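> I'd like to go over a predicted model; first the sequence, then the structure.
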Amino acid sequence: MEPGSLPQASAPALQAGVDHLARTWDTVTRALQSRIRAEAFQTWFRRSALVRCDDQVLAFAVQNDFARNWIVSNYLAEMGEAAREVFGSPRQIEIEVDAELVRPRDAERETVLVAPAPLARTRATQAAPAAMPGELVLNPKYTFDNFVVGPCNRFAHAAAAGAAESPGKTYNPFFLHGSVGLGKTHLLQSLCGSILARNPQARILYLSCESFVNHFIDALEKSDLLRFRDKYRNVDVLVVDDIHLLANQERTQEEFFHPFNTLYQAGKQSVLSSDSPPKDIPTLQERLVSRFTWGLVVEIEPPCYETRMAILKRKSRDRGREFNDDVARLLAERIESNIRELEGAVTRVLAHCNLVNAPVTVETAREALREVFAARRGEPTMEEIIACVSQRFAVRASEMQGKKRTNAIAFPRQVAMFLARRLTNHSLEDIGGYFGGRDHSTVVHAITKIEAKSKSDPQCGDMVADLLSRLRGLKP
């Protein structure tokens, strides 16, 4: 060995280091998979490898700049959480590009999800080219009949059903937008299933926007853009979920425009979903915004109280133990954001009751969901408002939420409606739903009446101020 030179690591030592990195990366990616969708993991992390890892840094490589930029924009936080879980302390995440290091085996590149019979025709079949990795399959439970319809989603449900009845004619394109967990995927899959029920030969390509991006990357790597374009143009129905992921992807938007335009000109149906309307998707090309709005743009709204009640009773009934009204009311009031959380609450309550061999009651539901309830927002719940007003006027909560219109019940009910509007973020329709399904005009009348009476009657004003203080936690 010459002076100043470093000893070379032996081949076994080098191999041991490589094996250690592979095992470590396998552990980290397993933690990551619990935080992101399986499809997203397959798209962006399947072809990745750990480069180095120490007490401060976790560095891994991906196949190209496009993948690196996508992960940085969309999954860096989840990557950091996975590293913290595995190592017990935070790591700085670094992403390198090394196409040779992460080149996949041919078998891995051709992994395809198989659609269950009789829904195998949800892919672009027969005349269309072969399926690519990452396409989605239909859930047989996602049908129009299984969709709980309420005031918040009635128009979206009807529009999706209308598009399914006359593909390419009635509403084309059909653009559905709304926050996560509100039922967009349910309606999209119901639409596909309904089309197939009418025409089993229909060629339907249903996939996520991430899959489209991944297919485009594969086509670029293989210099096979012609096959890629033919695949998307030779279908009867194209359904793309989460189209907002095209934001900031100039080249991918360009590539999506052409098959979309071709299908429209040919009278074929396009169905898109997003978390926001076309005009609010950042950096979306103006011509795409224009074309996405050619047909029908529909928003699916968060479930109102009545719809949440119906969902809870339907989901619990499907699991063999339908919730009574008291239990459903408790959960419908506390869990407001989306349908997935409602379904999770049903599962958790039933699992808890099965484990402790107890009936489903308000008490057991509270016990099962104590962590969920403890983490709720700081404003008072409708349950607390109704209980507080009921105690003040010595009436039963069930009477305030019932149909009675005697003054002894109507006035406390109006006070509760007024307080709900002042202290919560509930809509007028939602507040009315808590009080026997009354419409928004009844709530407006109640608010106006209590506001006027509070000003003209000092005793009423003091009573309302006292209730506001109690519900805000300012008084015991």
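All right, it came through fine. Numbers count the residues shown, from 1 in each chain.
> Any stretches of the chain with poor pLDDT?
By pLDDT under 70, the weakly predicted segments of the chain are 1-18, 39, 99-137, 337, 372, 374-378, 473-476.
> Tabulate the CA atom coordinates of stretch 289-305 in CSV.
Written as CSV, here are the backbone C-alpha positions of stretch 289-305 (Å, rounded to 0.1, in the frame of the first residue of the first chain):
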residue,chain,number,x,y,z
VAL,A,289,-59.8,24.4,-18.0
SER,A,290,-62.0,25.3,-20.9
ARG,A,291,-62.5,21.7,-22.0
PHE,A,292,-63.1,20.4,-18.5
THR,A,293,-66.0,22.8,-18.2
TRP,A,294,-67.6,22.0,-21.6
GLY,A,295,-69.8,19.4,-20.0
LEU,A,296,-71.0,19.4,-16.4
VAL,A,297,-69.0,20.4,-13.3
VAL,A,298,-70.6,19.3,-10.1
GLU,A,299,-69.5,19.7,-6.4
ILE,A,300,-70.1,17.0,-3.9
GLU,A,301,-70.5,18.6,-0.5
PRO,A,302,-69.7,17.4,3.1
PRO,A,303,-72.6,15.3,4.4
CYS,A,304,-75.2,17.2,6.4
TYR,A,305,-76.5,16.0,9.7
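> In space, what's closest to the residue minimising distance to the centre of the chain - neighbours in sequence excluded?
Nearest to the mean C-alpha position of the chain, by CA atoms, centre = their mean, lies residue 180 at 2.6 Å. Spatially, and ignoring its direct neighbours in sequence, residue 180 is nearest to residue 338 (6.4 Å; CB to CB, 6 or more residues apart in numbering). Where C-beta positions appear, they are placed from N, C-alpha and C, glycine not excepted.
> again with residue 139
In space, not counting the residues next to it along the chain, residue 139 is nearest to residue 189; the distance is 5.9 Å by CB to CB, 6+ apart.
> ok, and what's touching the helix or strand hosting residue 163?
When secondary structure is defined by DSSP states H and E, residue 163 falls within helix 154-165. Contacts of helix 154-165 with the rest of the structure, by CB atoms under 8 Å, 6 or more residues apart in numbering, involve 144, 147, 149, 170-172, 174, 176, 178, 183, 187-188, 190-192, 194-195, 198, 269, 271, 296, 298-300.
> Next, the buried residues of that helix.
When neighbours are counted by 16 or more other CB atoms under 10 Å, the buried residues of helix 154-165 are found to be 156, 157, 159, 160, 161, 163, 164.
> And for stretch 140-157?
142, 144, 147, 148, 150, 151, 152, 153, 156, 157.
> Now do the contacts for residue 289.
Contact partners of residue 289, counting by CB under 8 Å, 6+ apart, are 278, 279, 281.
> State the next helix or strand along the chain beyond the one helix or strand residue 43 maps to.
Mapping residue 43 onto the secondary structure by DSSP H and E places it in helix 38-44. Remark: after helix 38-44, the chain's next helix or strand is strand 49-53, criterion DSSP H and E.
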